[in-house]
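A.B. asks: no FASTA, just this:
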(Lines give C-alpha, C1' and ligand atoms only; values in the text may rest on other atoms or scores of the structure.)
Protein backbone atom coordinates (compact mmCIF):
# COMPACT_ATOMS: atom_id res chain seq x y z
CA UNK A 1 0.00 0.00 0.00
CA UNK A 2 1.03 3.60 -0.46
CA UNK A 3 -0.19 7.17 -0.18
CA UNK A 4 0.23 9.72 -2.96
CA UNK A 5 1.17 13.19 -1.79
CA UNK A 6 2.44 16.06 -3.96
CA UNK A 7 3.59 13.64 -6.63
CA UNK A 8 5.47 11.56 -4.06
CA UNK A 9 4.62 7.95 -3.25
CA UNK A 10 4.86 7.15 0.45
CA UNK A 11 4.79 3.41 1.20
CA UNK A 12 2.69 2.10 4.10
CA UNK A 13 2.16 -1.32 5.64
CA UNK A 14 -1.06 -3.26 5.12
CA UNK A 15 -2.76 -1.32 7.92
CA UNK A 16 -1.79 2.08 6.55
CA UNK A 17 1.10 2.95 8.88
CA UNK A 18 3.98 4.65 7.08
CA UNK A 19 7.22 2.70 7.15
CA UNK A 20 9.78 5.47 6.95
CA UNK A 21 8.92 7.82 9.80
CA UNK A 22 10.97 10.63 8.25
CA UNK A 23 8.45 10.84 5.38
CA UNK A 24 5.78 12.24 7.68
CA UNK A 25 4.35 15.73 7.25
CA UNK A 26 1.23 17.45 8.60
CA UNK A 27 -0.17 17.30 5.06
CA UNK A 28 0.23 13.53 5.09
CA UNK A 29 -1.84 13.34 8.27
CA UNK A 30 -4.54 15.40 6.55
CA UNK A 31 -4.57 13.06 3.55
CA UNK A 32 -4.85 9.98 5.80
CA UNK A 33 -7.68 11.58 7.75
CA UNK A 34 -9.56 12.54 4.56
CA UNK A 35 -9.44 8.91 3.45
CA UNK A 36 -11.19 8.01 6.72
CA UNK A 37 -13.64 10.93 6.26
CA UNK A 38 -12.20 12.28 9.49
CA UNK A 39 -11.77 16.01 9.93
CA UNK A 40 -8.67 17.03 11.91
CA UNK A 41 -9.49 19.79 14.37
CA UNK A 42 -7.18 21.60 16.76
CA UNK A 43 -8.12 18.99 19.38
CA UNK A 44 -6.96 16.20 17.09
CA UNK A 45 -3.70 18.00 16.45
CA UNK A 46 -3.05 18.34 20.19
CA UNK A 47 -3.05 14.56 20.44
CA UNK A 48 -1.09 14.00 17.22
CA UNK A 49 1.58 16.49 18.26
CA UNK A 50 1.76 14.96 21.71
CA UNK A 51 2.33 11.51 20.16
CA UNK A 52 5.13 12.82 17.98
CA UNK A 53 6.85 14.38 20.98
CA UNK A 54 6.39 11.18 22.98
CA UNK A 55 7.92 9.10 20.21
CA UNK A 56 10.79 11.52 19.82
CA UNK A 57 11.59 11.19 23.51
CA UNK A 58 10.99 7.46 24.11
CA UNK A 59 11.24 5.83 20.66
CA UNK A 60 7.93 4.00 21.06
CA UNK A 61 4.27 4.71 20.47
CA UNK A 62 2.54 4.71 23.87
CA UNK A 63 -0.11 2.17 24.85
CA UNK A 64 -3.57 3.69 25.01
CA UNK A 65 -3.60 3.61 28.82
CA UNK A 66 -0.32 5.52 28.93
CA UNK A 67 -1.47 7.96 26.27
CA UNK A 68 -4.65 8.69 28.22
CA UNK A 69 -2.74 9.30 31.44
CA UNK A 70 -0.11 11.51 29.84
CA UNK A 71 -2.68 13.55 27.91
CA UNK A 72 -4.45 14.12 31.22
CA UNK A 73 -1.25 15.42 32.76
CA UNK A 74 -0.47 17.64 29.79
CA UNK A 75 -3.88 18.91 28.68
CA UNK A 76 -6.05 18.42 31.76
CA UNK A 77 -8.39 15.72 33.07
CA UNK A 78 -11.27 16.74 30.77
CA UNK A 79 -9.08 15.50 27.88
CA UNK A 80 -7.23 12.68 29.64
CA UNK A 81 -10.03 10.16 29.52
CA UNK A 82 -11.10 7.42 27.13
CA UNK A 83 -14.42 9.02 26.24
CA UNK A 84 -12.84 12.24 24.99
CA UNK A 85 -10.09 10.44 23.09
CA UNK A 86 -12.43 7.89 21.50
CA UNK A 87 -14.72 10.69 20.36
CA UNK A 88 -11.78 12.28 18.59
CA UNK A 89 -10.42 9.01 17.23
CA UNK A 90 -13.25 6.49 16.93
CA UNK A 91 -10.95 3.76 15.57
CA UNK A 92 -8.99 3.84 18.83
CA UNK A 93 -6.94 6.78 20.07
CA UNK A 94 -3.60 5.02 20.11
CA UNK A 95 -4.11 3.14 16.86
CA UNK A 96 -5.67 5.83 14.71
CA UNK A 97 -3.86 8.85 16.12
CA UNK A 98 -0.50 7.06 15.87
CA UNK A 99 -1.15 6.35 12.21
CA UNK A 100 -1.90 10.02 11.52
CA UNK A 101 1.17 10.98 13.56
CA UNK A 102 3.37 8.79 11.36
CA UNK A 103 4.29 6.47 14.24
CA UNK A 104 4.37 2.69 14.26
CA UNK A 105 1.42 0.87 15.77
CA UNK A 106 1.71 0.89 19.57
CA UNK A 107 3.47 -2.14 21.04
CA UNK A 108 0.98 -4.73 22.21
CA UNK A 109 -1.82 -3.25 20.14
CA UNK A 110 -3.63 -5.87 18.06
CA UNK B 1 -11.20 0.90 34.63
CA UNK B 2 -14.01 -0.85 36.39
CA UNK B 3 -13.41 -0.96 40.16
CA UNK B 4 -15.24 -4.21 40.67
CA UNK B 5 -13.02 -5.89 38.10
CA UNK B 6 -9.89 -4.44 39.68
CA UNK B 7 -10.88 -5.83 43.05
CA UNK B 8 -11.18 -9.32 41.60
CA UNK B 9 -7.86 -8.98 39.84
CA UNK B 10 -6.07 -7.92 43.02
CA UNK B 11 -6.22 -11.42 44.41
CA UNK B 12 -4.50 -12.90 41.36
CA UNK B 13 -1.58 -10.49 40.96
CA UNK B 14 1.65 -12.34 40.39
CA UNK B 15 5.21 -11.16 40.71
CA UNK B 16 6.95 -11.19 37.35
CA UNK B 17 10.65 -10.57 36.92
CA UNK B 18 12.20 -10.10 33.51
CA UNK B 19 15.90 -10.90 33.60
CA UNK B 20 18.12 -9.24 31.00
CA UNK B 21 21.56 -10.76 30.51
CA UNK B 22 22.61 -9.86 26.98
CA UNK B 23 24.14 -6.81 25.29
CA UNK B 24 21.54 -4.64 23.57
CA UNK B 25 22.21 -4.87 19.84
CA UNK B 26 24.04 -8.07 18.93
CA UNK B 27 20.92 -10.21 19.33
CA UNK B 28 17.20 -9.53 19.42
CA UNK B 29 16.83 -10.59 23.07
CA UNK B 30 17.03 -7.16 24.68
CA UNK B 31 14.48 -5.55 22.37
CA UNK B 32 12.13 -8.53 22.59
CA UNK B 33 12.33 -8.50 26.38
CA UNK B 34 11.50 -4.80 26.41
CA UNK B 35 8.46 -5.38 24.20
CA UNK B 36 7.23 -8.19 26.44
CA UNK B 37 7.68 -5.92 29.46
CA UNK B 38 5.67 -3.12 27.81
CA UNK B 39 2.89 -5.55 26.95
CA UNK B 40 2.92 -7.07 30.43
CA UNK B 41 2.17 -3.62 31.83
CA UNK B 42 -1.34 -3.92 30.42
CA UNK B 43 -2.15 -6.81 32.75
CA UNK B 44 -1.69 -4.99 36.07
CA UNK B 45 0.82 -7.45 37.46
CA UNK B 46 3.74 -6.78 39.79
CA UNK B 47 6.53 -6.39 37.24
CA UNK B 48 10.23 -5.87 37.84
CA UNK B 49 13.29 -5.93 35.61
CA UNK B 50 16.71 -7.26 36.47
CA UNK B 51 19.90 -6.46 34.58
CA UNK B 52 22.87 -8.77 34.96
CA UNK B 53 26.03 -9.66 33.03
CA UNK B 54 26.15 -7.87 29.64
CA UNK B 55 22.48 -6.97 30.21
CA UNK B 56 23.63 -3.91 32.17
CA UNK B 57 24.87 -2.49 28.84
CA UNK B 58 21.24 -2.19 27.68
CA UNK B 59 20.86 0.77 30.02
CA UNK B 60 24.10 2.47 29.08
CA UNK B 61 23.89 6.17 28.17
CA UNK B 62 25.11 7.49 24.84
CA UNK B 63 24.50 4.46 22.63
CA UNK B 64 24.70 5.02 18.89
CA UNK B 65 23.51 2.06 16.84
CA UNK B 66 23.32 3.79 13.45
CA UNK B 67 26.38 2.12 11.97
CA UNK B 68 24.87 -1.33 12.54
CA UNK B 69 21.45 -0.13 11.31
CA UNK B 70 19.70 -0.80 14.62
CA UNK B 71 17.42 1.56 16.49
CA UNK B 72 18.82 2.87 19.74
CA UNK B 73 16.01 1.79 22.07
CA UNK B 74 17.74 2.84 25.30
CA UNK B 75 15.41 5.89 25.59
CA UNK B 76 12.47 3.49 25.79
CA UNK B 77 13.58 2.30 29.26
CA UNK B 78 12.78 5.83 30.41
CA UNK B 79 9.18 5.32 29.27
CA UNK B 80 8.71 2.42 31.73
CA UNK B 81 7.84 4.77 34.58
CA UNK B 82 4.83 5.99 32.58
CA UNK B 83 3.77 2.33 32.29
CA UNK B 84 3.97 2.06 36.13
CA UNK B 85 7.01 -0.21 35.90
CA UNK B 86 9.32 1.29 38.45
CA UNK B 87 11.33 -1.62 39.79
CA UNK B 88 14.60 -1.84 37.89
CA UNK B 89 17.35 -3.79 39.62
CA UNK B 90 20.93 -3.75 38.36
CA UNK B 91 23.54 -6.10 39.74
CA UNK B 92 26.48 -4.25 41.24
CA UNK B 93 29.05 -6.93 40.36
CA UNK B 94 28.03 -6.82 36.68
CA UNK B 95 28.35 -3.02 36.59
CA UNK B 96 31.74 -3.10 38.30
CA UNK B 97 33.09 -5.79 35.98
CA UNK B 98 32.36 -3.41 33.08
CA UNK B 99 33.76 -0.31 34.75
CA UNK B 100 30.32 1.22 35.11
CA UNK B 101 28.29 2.89 37.85
CA UNK B 102 24.63 3.93 38.14
CA UNK B 103 25.67 7.32 36.68
CA UNK B 104 26.32 5.61 33.33
CA UNK B 105 22.69 4.49 33.02
CA UNK B 106 19.78 6.17 31.20
CA UNK B 107 17.29 5.60 34.03
CA UNK B 108 17.30 5.66 37.82
CA UNK B 109 17.74 2.09 39.06
CA UNK B 110 18.31 0.24 42.28
CA UNK B 111 21.81 -1.20 42.32
CA UNK B 112 21.84 -4.44 44.31
CA UNK B 113 24.57 -6.93 45.07
CA UNK B 114 24.45 -10.52 43.85
CA UNK B 115 23.09 -11.91 47.11
CA UNK B 116 20.24 -9.38 47.15
CA UNK B 117 19.48 -10.13 43.48
CA UNK B 118 19.28 -13.79 44.32
CA UNK B 119 16.89 -13.03 47.18
CA UNK B 120 14.71 -10.89 44.88
CA UNK B 121 14.55 -13.71 42.36
CA UNK B 122 13.44 -16.18 44.99
CA UNK B 123 10.49 -13.89 45.84
CA UNK B 124 9.06 -14.04 42.30
CA UNK B 125 6.18 -16.12 41.00
CA UNK B 126 7.44 -16.00 37.42
CA UNK B 127 10.94 -15.31 36.07
CA UNK B 128 11.58 -14.85 32.39
CA UNK B 129 15.15 -14.75 31.29
CA UNK B 130 16.28 -13.09 28.07
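C.D. replies: Great, that's in hand. Nothing here was measured: the structure is a model prediction, and the numbers come from that model.
A.B. asks: spell out which parts of chain B neighbour chain A.
C.D. replies: With Cβ under 8 Å from any Cβ of the partner chain as the criterion, chain B meets chain A at residues B:35, B:38-39, B:41-42, B:71-73, B:75-76, B:78-79, B:82-83. From N, CA and C alone the C-beta is placed, and that goes for glycine too.
A.B. asks: ok, 10 Å please
C.D. replies: For chain B, the residues in contact with chain A (Cβ under 10 Å from any Cβ of the partner chain) are B:1, B:34-44, B:71-80, B:82-84.
A.B. asks: hmm, which of those are the buried ones?
C.D. replies: For the residues of chain B next to chain A, a burial check counting by 16 or more other Cβ atoms under 10 Å in any protein chain shown picks out B:34-38, B:40-41, B:44, B:73-77, B:79-80, B:82-83.
A.B. asks: does the most centrally placed residue in chain B count as helix, strand or coil?
C.D. replies: Taking Cα atoms, centre = their mean as the criterion, residue B:49 is the residue nearest the geometric centre of chain B, at 3.1 Å. Taking DSSP: H, G, I helix; E, B strand; the rest coil as the rule, one finds residue B:49 in the strand state.
A.B. asks: residue contacts, it?
C.D. replies: Shown in contact with residue B:49 (Cβ atoms under 10 Å, 6 or more residues apart in numbering or on different chains): B:16-20, B:33-34, B:37, B:55, B:58-59, B:77, B:80, B:85-90, B:107, B:109, B:130.
A.B. asks: cutoff 7 Å now
C.D. replies: B:18, B:20, B:37, B:87-89 (Cβ atoms under 7 Å, 6 or more residues apart in numbering or on different chains).
A.B. asks: will you turn those into CSV that also has distance to residue A:1, secondary structure and pLDDT?
C.D. replies: Below are the contacts of residue B:49 laid out as CSV (distance: Cβ to Cβ, whole Å; DSSP: H, G, I helix; E, B strand; the rest coil; pLDDT from 0 to 100):
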residue, distance to residue A:1, secondary structure, pLDDT
B:18, 35, strand, 98
B:20, 36, strand, 98
B:37, 31, helix, 94
B:87, 41, strand, 97
B:88, 39, strand, 98
B:89, 43, strand, 98
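A.B. asks: among these, who's most crowded?
C.D. replies: Counting neighbours by other Cβ atoms under 10 Å in any protein chain shown, the top entry in the contacts of residue B:49 is residue B:20, with 27 neighbours.
A.B. asks: buried residues in stretch A:38-52?
C.D. replies: By 16+ other Cβ under 10 Å, the buried positions in stretch A:38-52 come out as A:38, A:40, A:44, A:47-48, A:50-52.
A.B. asks: sort out for me which of those residues are in strands.
C.D. replies: Of the buried residues of stretch A:38-52, none are assigned to strands by DSSP state E.
A.B. asks: quick one: which of those residues is nearest residue A:17?
C.D. replies: residue A:51 (12.5 Å; Cβ to Cβ).
A.B. asks: so how far is residue A:45 from the closest residue to the closest one other than its chain neighbours?
C.D. replies: The shortest distance from residue A:51 to any non-neighbouring residue, by Cβ to Cβ, 6 or more residues apart in numbering or on different chains, is to residue A:101 (4.2 Å). According to Cβ to Cβ, to the nearest Å, residue A:101 and residue A:45 sit 10 Å apart.
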